[in-house]
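>>> Fold the following.
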Amino acid sequence: MAGQLVVRAGVVAACLLVCGCGSDEVVPSAAPETTEVASPRVSLPEAQAPRPAGTSSAPAMSSESGPPRNPALQRPRDGSRLQACRDADCEVVVTDGQTVRLAPGFGMSSVKVMVRDGAVSFASRGDGMLATFGEHRPGGSNVSSINGVEFRVLAVRDDRAVIRISN
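Numbering: from 1, shown residues only. Model prediction:
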């Protein structure tokens, strides 16, 4: 037992010697020096008193203007005649869930149209495949093309949309 105590004391002494030894040399820290940078002052809007429940923060509207309304859909070239799309050259108004039928030569027999949340999706079946392309919104270059047939959304309102199909 006395031998183990001497060995332990020697180990502790060696650890203290190694840890305690060093030099007066200053070792640079790993963290880089920081430089103070002036930030621009930002002015925040003044706080407003809380509003009672059920009141709106929007300015009151005059009775003449009324609430804002969705604009009417433009009148498409082919109206609601979906059979005009058979040759893959039409501009029609469609309602959510309607199916547009194309001639067999385009490689897709039908295209189902889904109109939701201001966007239009298309799903097509043909030649053993199912293709879904969508979330198209009016404007921009949001065009899908399959087998040389392009699908473009011109306008959306509620569950109706004006689409252009071309080849």
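>>> show me the contacts for A161.
Taking Cβ atoms under 8 Å, 6 or more residues apart in numbering as the criterion, A161 is in contact with L73, V93, V94, V113, V115, V120, V153, L154, A155. Yep, even glycine has a C-beta here, placed from its N, CA and C like the rest.
>>> Go again with 6 Å.
When contacts are counted by Cβ atoms under 6 Å, 6 or more residues apart in numbering, A161 touches V94, V115, V120, V153.
>>> same deal with V162?
L73, Q74, P76, V93, L154, A155.
>>> show me where the protein has strands.
90-95, 99-101, 110-116, 119-126, 129-136, 143-146, 149-157, 160-166 (DSSP state E).
>>> For those strands, give me JSON lines that also has mean pLDDT and distance to L82.
Formatted as JSON lines, those follow (pLDDT from 0 to 100; distance: least, Cβ to Cβ, whole Å):
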{"stretch": "strand 90-95", "mean pLDDT": "97", "distance to L82": "6"}
{"stretch": "strand 99-101", "mean pLDDT": "96", "distance to L82": "5"}
{"stretch": "strand 110-116", "mean pLDDT": "94", "distance to L82": "9"}
{"stretch": "strand 119-126", "mean pLDDT": "87", "distance to L82": "13"}
{"stretch": "strand 129-136", "mean pLDDT": "85", "distance to L82": "18"}
{"stretch": "strand 143-146", "mean pLDDT": "88", "distance to L82": "18"}
{"stretch": "strand 149-157", "mean pLDDT": "94", "distance to L82": "14"}
{"stretch": "strand 160-166", "mean pLDDT": "96", "distance to L82": "10"}
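>>> possible to save these as TSV with distance to A84?
Shown next, in TSV, are the strands of the chain (distance: least, Cβ to Cβ, whole Å):
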stretch	distance to A84
strand 90-95	4
strand 99-101	10
strand 110-116	14
strand 119-126	17
strand 129-136	20
strand 143-146	19
strand 149-157	14
strand 160-166	9
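>>> Of all those strands, which one is nearest Q83?
With Cβ to Cβ as the criterion, Q83 lies closest to strand 99-101 of the strands of the chain, at 7.5 Å.
>>> Parallel or antiparallel, list what pairs with that closest one.
Here strand 99-101 has these sheet partners by DSSP bridges: strand 110-116 (antiparallel).
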